[in-house]
Every structure is written in structure tokens, then in C-alpha cells.
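What shape does this take:
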Amino acid sequence: MKKLNEFLNGFPSSTGADDTIDRLLEDPVINAFVLKNDLTHGETVRAINSFLVFKEGKDICATCRGLYECKLATEGMTPVLDLYGKEIEVSYRKCRYNLSDSTLERIDALYVPRKVFVADITDFDLIGPVRKEIHKYMVDFLNRYSRTNPMKGMYLSGVFGGGKTYILACMANELAKKGYRSVFAYYPDLVRELKSSIGEGNLEERIRQLKTVDVLFLDDIGGETVSPFIRDEVLGPILQHRVLDELPTFFASNIKMKTIIEAMMLNTSDIERSKAIRIFERIRELTVEFELTEKPTRRS
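Coordinates of the predicted model:
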């Protein structure tokens, strides 16, 4: 913790405690705390160090975009003012980016950077009609979905860097807070894992998990090398099970949904097209498609 004179370096040298308090009371949170607790002038002056510590931390948190860039010594925690008897102290609680351990445990992230799970729907970029439609669908889904009121997931297609992974991560975080378990997988790497699982004897367990998990997120589908076995014996049954059980499934891809047919074909034969169409039909049954045509105006 800084000493009082270190904090006061940020204030004009000619100001005394009263002027410093006046400056601090311009902060609406500090002002509300003083009024709520009916603090006297003397009590406020005695607590000046606590107010300065709080304001410094609060100002840092106001510009923070996630745990991966947290600048506080108490990483993942944000300062709050507390009154203990007549003593005003700064304590800390988890910040909005700091998902509880129990929440994080509900997301099985496969080949996805963990930092995407600080994505927050309150930071969603609403610039442009498509993003507004996506946001509306997300909020509607979060408010209405339940096992007794099934809803379709989303298929997000569009430009590289358009924020598709971020959007899916927002949904994973919000659904985890509601108690739903999910698997969030980067699909090309998942395919490689599934292939290697054939010889390791744990393929069926992974397939069972992907079939039955509350919510499934597959990122960058269509970006993998086609494997007839994975397509027909793994992905197809997983999607079919989720269709029949009405389990929400979300996809992100650089290609439009209808292009999945060509992406899933090993060659141009009628048999290959028929098998690829079955995957397409299941994805269409599971999702509503949104196409992002431009990158977000801010980080997402």
C-alpha cells in the first residue's frame, strides 16, 4: 500500500486535507459511501488514506479489459469500501472478470486459450446491425433457455478476426454462471485428438461427453482436413444425438453454413456429397446462422 504522501503527489502541492477530500468526493462512489454512512468531516479526513487507496484501484479497474492484463497486486480482485465500527477500510471482492473456480470448472476448454474465458457480454461490441442481432439472440437465449424450453444455438460465420470466438466465449461464461456445463473446443485440434484416441482406447468416452454435455461449442469447424471416419462415425452421431436430445450447440467458422457441404467432402462423388449433406442438415437443425461481415470496432 502506498503512503499518504505518495498518493498526494497526484494532487496540487498547495492543497491540504480539505481540498483533497473535496477532490475525492467528486468520485460518485466515494460520495455515496460518505452520505450513506453519515460520516462526519473528521471521520472522512481520518480515512483519507483508505479513500485514496480505493480510488487508485477503482480507476485501474475501470480501464481493465480482463484478468490477463490486471495491474493490481490483488489480481482478479477489485477494491470496495467497508465500514467496521468507526474505521473505514478497503477490502476486496472478485472483479467481473474473475469467474469463480466452480464456474470455470463447468467449462471444459480443449485447445482454446483460457484468456478467452474472461470474455464478458457487457463488453459486447454493438456496432452494426448483425452484432446487434447476435447480441439480442444471446440475451434472449440466456433469459429463456432451459431443458424444458429448448432453443437453437448459433452458427457464426464470417471474416477472420470478426470476434466469433469471443462471442462463443461470452455465451460459455454466461451459461456457466447459470450452472450449465459445456465443452468448448477448437475443432481442428479436437479432430486430431479424436484420431489419436482411437489407439488409446478412450475415444468412446470423449464421444459420449460431446454427445451429452449441456452445451457444446465447436470453434473453426470446416477448417480441418476432412476425415471420413471422424465425419461419419464421430461428428455425425454426436450431432444427431444433440438434435434428438435438443441440446444447444454453437459453431464458429470462417465459411458460411451452406459451404460446410463442400468442406466436408473428400471428393466430388455423389456418396461423399450425401454424407456431407447429412452433417450440414444436422448443423442447420441445431442452429441459427449469423454472418459477421466486418471486424469489431474494439477488442472482442
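
Report the helix or strand with the lowest average pLDDT across the chain.
Least confident helix or strand, the chain: helix 4-8 with a mean of 44, by mean pLDDT, DSSP states H and E.

Was I right to think residue 58 contacts residue 72?
No - contact between residue 58 and residue 72 fails when scored by C-beta atoms under 8 Å: they sit 10.3 Å apart. C-beta coordinates here come from the backbone N, C-alpha and C atoms, glycine included.

Now the common contact residues for the two.
Here residue 58 and residue 72 have residue 78 as joint contacts, going by C-beta atoms under 8 Å, 6 or more residues apart in numbering.

Would you mind listing the buried residues in the helix or strand following the least confident helix or strand of the chain?
Proceeding N to C from helix 4-8, the next assigned helix or strand is helix 17-24, under DSSP states H and E. For helix 17-24, the neighbour count (16 or more other C-beta atoms under 10 Å) marks 20, 21, 23, 24 as buried.

Which of these sits closest to residue 164?
residue 24 (43.1 Å; C-beta to C-beta).

Count the residues that sit near residue 141.
Using other C-beta atoms under 10 Å, residue 141 has 19 neighbouring residues.

Please read the previous query as pertaining to residue 31.
Close neighbours of residue 31, defined as other C-beta under 10 Å, add up to 12.

what's the distance between residue 159 and residue 165?
For residue 159, the distance to residue 165 equals 13 Å [C-beta to C-beta, to the nearest Å].

Please say which of these two ends up with more neighbours.
Each of residue 159 and residue 165 has its neighbours counted (other C-beta under 10 Å); residue 165 has more, 21 against 13.

Report the contact partners of the residue nearest to that one when sequence neighbours are not counted.
Of all residues not flanking residue 165 in the chain, residue 219 sits nearest, at 5.5 Å (C-beta to C-beta, 6 or more residues apart in numbering). Residue 219 makes contact with 112, 164, 165, 168, 184, 185, 186, 187, 251, 252 under the criterion C-beta under 8 Å, 6+ apart.

As TSV, the residues you listed with secondary structure, distance to residue 33 and pLDDT would be great.
Putting those into TSV (DSSP: H, G, I helix; E, B strand; the rest coil; distance: C-beta to C-beta, whole Å; pLDDT from 0 to 100) gives the following:
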residue	secondary structure	distance to residue 33	pLDDT
112	coil	40	81
164	helix	41	92
165	helix	39	91
168	helix	38	94
184	strand	39	94
185	strand	45	94
186	strand	45	93
187	helix	49	94
251	strand	46	98
252	strand	43	96
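
Out of those, flag the one nearest to residue 93.
Looking across those and measuring by C-beta to C-beta, the closest to residue 93 is residue 184, at 26.5 Å.

so that closest one touches residue 112, yeah?
Yes - with contact defined as C-beta under 8 Å, residue 184 counts as touching residue 112 (5.5 Å).

more crowded one of the two?
Legend: neighbour count by other C-beta under 10 Å for residue 184 and residue 112, higher for residue 184 (26 against 21).

rewinding a little: got the buried residues of helix 17-24 as CSV, with pLDDT and distance to residue 213 columns?
Output for the buried residues of helix 17-24, formatted as CSV (pLDDT from 0 to 100; distance: C-beta to C-beta, whole Å):
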residue, pLDDT, distance to residue 213
20, 87, 54
21, 88, 54
23, 90, 52
24, 90, 49
